[in-house]
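[1] The following block contains a protein sequence and its predicted model.
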Amino acid sequence: MSQTNPYENAKELINEAADKLNLEVWIREALLMIHKELHVTFPVEMDDGSIKIFNGFRVQHNHMRGPFKGGIRYHWDVNIDEVRALATWMTIKCGVVDIPLGGAKGGVICNPKDMSEKELEKMTKAFVRRISPLIGPSIDIPAPDVYTNAKVMSWFVEEYAKCTGKKELAVVTGKPLDLGGSEGRDEATAKGGVFVLKEVIRQKYAKGLDSLKDKKVVIQGFGNAGSVFARLIHEEGAKVIAVSDSKGAIVNEDGLDIPKVIEHKKMKGCVSDCIDATNTTNEDILEMDCDILVPAALENVITMENVDRIKAKLILELANGPVTSSAGKVLYKKGITIIPDVLANAGGVTVSYFEWRQNLDDEHWSKEEVNKKLEKIMNENTSLVIETAKKYNVRTRLGAYILSISRITHKAKEELDDEHCECWKKIF
């Protein structure tokens with residue numbers, strides 16, 4: 001198995017959890033398979049009058065617990081194995097935080113940094129026309145992901161209405177507030193990560209971490225999730241000593257002034273050359289001596305190539321799949337605690353679920369209500385993941401998978417009648 005293939009990593013973890021649970025073959029195989037995947041190509045007229053062909057995907061992994069749910073990313077490195085992995089992780093993630101949704105993911109191969117807003121809108125709407133038969137409020141609900149945002153989701157709503165003849169706000173989440181978006185959605189991933197981290201510390205689950213005060217934190221990735229997390233953790237009294245984005249990284253061992261870094265990023269478009277900080281690289285900050293390392297960018301940044309140089313006491317995976325499966329096992333043996341992505345960044349899909357419910361019920365919750373509900377869900381399920389990991393004497397990531405798959409299995413057996421169960425068993 002290639003250690004950097006995220007889809008194979010996801011399947012390996014499902015098999016590990018299934019072994020621990022003595023899972024029935026039909027449930028195991030259903031979780032290892034993709035329910036449906038769509039590969040699309042579509043032309044878009046660019047600003048200079050040329051026609052460019054784009055390729056995209058929508059993968060629906062599993063819907064045993066409810067409609068498919070998962071983001072859409074625009075990135076030059078999007079590929080089908082990545083999207084399959086992300087869809088699979090979303091199934092597990094929804095089970096970890098116990099929300100009634102299944103996993104999906106989508107993406108378009110493009111470089112949004114080199115495209116105008118008009119070109120992005122045309123591309124988005126062309127993509128919606130291709131995938132519209134597969135999505136809907138009770139079928140599959142997309143959301144923003146890497147290089148997509150609330151504006152992109154508003155284009156989704158608009159084009160989906162043209163395709164179907166009816167405007168349904170619940171077709172996507174992560175929308176602008178005036179289009180049915182939820183209060184707190186823009187901070188949900190980071191805020192959820194902070195709730196998880198504080199609960200882990202409260203339970204004294206990570207060696208050498210008894211509070212956040214003055215703890216040294218390194219954050220790789222300074223997009224929406226990473227920058228908001230940096231601000232929140234800075235406000236909690238932690239000392240953020242290094243941050244990075246796609247263009248470079250900065251470090252100050254005495255602690256960065258995070259509000260100034262955020263302002264610098266807004267003004268200059270990158271964190272490099274920020275005042276009172278030294279420029280360095282994305283790779284170097286991963287290996288810094290720190291209390292908490294937060295990979296908040298893309299997958300596969302901690303691998304067997306650099307795992308022996310990782311010095312953090314705890315790794316909080318705010319990105320999806322930043323630590324490969326094999327590297328994670330090495331870190332576990334070294335006594336480094338990993339708070340896995342399927343728990344650490346689940347605040348995003350949790351508040352997306354809140355948004356979907358608000359749209360379906362024609363309600364609008366206050367930010368205070370959203371954050372209160374989010375904190376309750378993240379704290380309760382962090383505690384359950386820790387309890388499960390201890391019960392089975394396994395690393396935290398596997399504990400999260402065991403908890404999630406237990407819930408998926410319970411729901412699957414509850415929903416399927418005996419005749420259908422027997423049919424599945426015969427197939428597998």
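    Perfect, thanks for sending it.

[2] I figured T382 hits V200, correct?
    Yes - if you go by CB atoms under 8 Å, T382 and V200 touch, sitting 6.4 Å apart. The C-beta positions use only the backbone N, C-alpha and C, and glycine is treated the same way.

[3] Which of these two has more residues huddled nearby?
    T382 (28 against 24; other CB atoms under 10 Å).

[4] Can you pull the domain assignment for the protein?
    33-169, 188-344 (automatic domain parsing).

[5] Quick check: end-to-end length of the shortest one?
    Right, the one you point to is domain 33-169. End-to-end distance of domain 33-169 (CA to CA, to the nearest Å): 30 Å.

[6] Doesn't K52 belong to a helix?
    No - counting by DSSP: H, G, I helix; E, B strand; the rest coil, K52 is not found in a helix; it is strand.

[7] How many neighbouring residues does it have?
    A count of neighbours around K52, defined by other CB under 10 Å, yields 15.

[8] ditto for I14
    For I14, the neighbour count with other CB under 10 Å is 20.

[9] Surely it is within a helix?
    Yes - I14 sits within a helix when classified using three-state DSSP.

[10] ok, it touching A30?
    No - between I14 and A30 there is no contact, the gap being 10.2 Å when judged by CB under 8 Å.

[11] K266: helix or strand, and which one exactly?
    helix 258-268 (DSSP states H and E).

[12] Show me the contact partners of whatever helix or strand comes next after that helix.
    For helix 258-268, the following helix or strand on the C-terminal side (DSSP H and E) is strand 278-280. Under the criterion CB atoms under 8 Å, 6 or more residues apart in numbering, residues 242, 248-252, 272-273 lie in contact with strand 278-280.

[13] Need those in a markdown table (columns: neighbour count, secondary structure and pLDDT).
    Below are the contacts of strand 278-280 laid out as a markdown table (neighbours: other CB atoms under 10 Å; DSSP: H, G, I helix; E, B strand; the rest coil; pLDDT from 0 to 100):
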| residue | neighbour count | secondary structure | pLDDT |
| --- | --- | --- | --- |
| A242 | 26 | strand | 98 |
| G248 | 15 | strand | 96 |
| A249 | 26 | strand | 97 |
| I250 | 25 | strand | 98 |
| V251 | 18 | strand | 98 |
| N252 | 18 | coil | 97 |
| S272 | 17 | coil | 97 |
| D273 | 11 | coil | 96 |
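
[14] burial measure for D48, as a count.
    D48 has 7 nearby residues by other CB under 10 Å.

[15] confidence score at it?
    Here the pLDDT value assigned to D48 is 98.

[16] next one: T303
    T303 is assigned a pLDDT of 94 by the prediction.

[17] One more: the one 10 residues further on?
    What the model reports as pLDDT for K313 is 95.

[18] cool, E414 as well?
    The per-residue pLDDT reported for E414 equals 75.

[19] Flag every buried residue along the longest helix seen in the chain.
    Counting residues, the longest helix found in the chain (DSSP state H) is helix 367-392. Under the neighbour-count criterion of 16 or more other CB atoms under 10 Å, helix 367-392 has 370-371, 373-375, 377-379, 381-382, 384-386, 388-389 buried.

[20] same check, this time on stretch 131-140
    Within stretch 131-140, the residues that count as buried by 16+ other CB under 10 Å are 131-132, 134-137, 140.

[21] First-to-last residue distance for that stretch?
    Distance between the two ends of stretch 131-140: 10 Å, counting by CA to CA.

[22] do the same with stretch 124-137
    Taking CA to CA, stretch 124-137 runs 19 Å from one end to the other.

[23] what sits up against it?
    Stretch 124-137 is contacted by residues 36, 38, 40, 42-44, 54, 56, 58, 60, 67, 72, 106, 108, 140-142, 152, 155-156, 158-160, 163-164, 168, 170-171, 356, 359-360 when judged by CB under 8 Å, 6+ apart.

[24] could you pull out the strands for the stretch 151-300 of the chain?
    Along the stretch 151-300 of the chain, counting by DSSP state E, counting those that start in this stretch, strands occupy 216-220, 239-245, 248-251, 278-280, 292-295.

[25] Just checking: what are the partner strands of the fourth one?
    According to DSSP bridges, the neighbouring strands of strand 278-280, each with its direction, are strand 248-251 (antiparallel).

[26] Residues contacting the strand it pairs with, please?
    Here strand 248-251 makes contact (CB under 8 Å, 6+ apart) with 220, 241-244, 256, 261, 270-274, 277-282, 284-285, 288.

[27] again, only this time at 7 Å
    241-243, 256, 270-272, 274, 277-282, 284-285 (CB atoms under 7 Å, 6 or more residues apart in numbering).

[28] Which members of these are classed as buried?
    Buried by 16+ other CB under 10 Å: 241-243, 256, 270-272, 274, 277, 280, 282, 285, out of those.

[29] Need those residues in a markdown table (columns: distance to K311).
    Converted to a markdown table, the buried ones among the contacts of strand 248-251 look like this (distance: CB to CB, whole Å):
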| residue | distance to K311 |
| --- | --- |
| I241 | 12 |
| A242 | 12 |
| V243 | 17 |
| L256 | 19 |
| C270 | 26 |
| V271 | 22 |
| S272 | 23 |
| C274 | 24 |
| A277 | 20 |
| T280 | 15 |
| N282 | 16 |
| I285 | 11 |
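
[30] In terms of model confidence, name the weakest of those residues.
    pLDDT across those is lowest for N282, at 92.

[31] Mind listing the residues bridging to the spatially closest residue to that one that is not a sequence neighbour?
    Spatially, and ignoring its direct neighbours in sequence, N282 is nearest to S244 (4.7 Å; CB to CB, 6 or more residues apart in numbering). Counting by DSSP bridges, S244 forms beta bridges with Q220, A249.

[32] Any idea how many residues pack against S244?
    27.

[33] likewise the one 3 residues further on?
    For K247, the neighbour count with other CB under 10 Å is 12.
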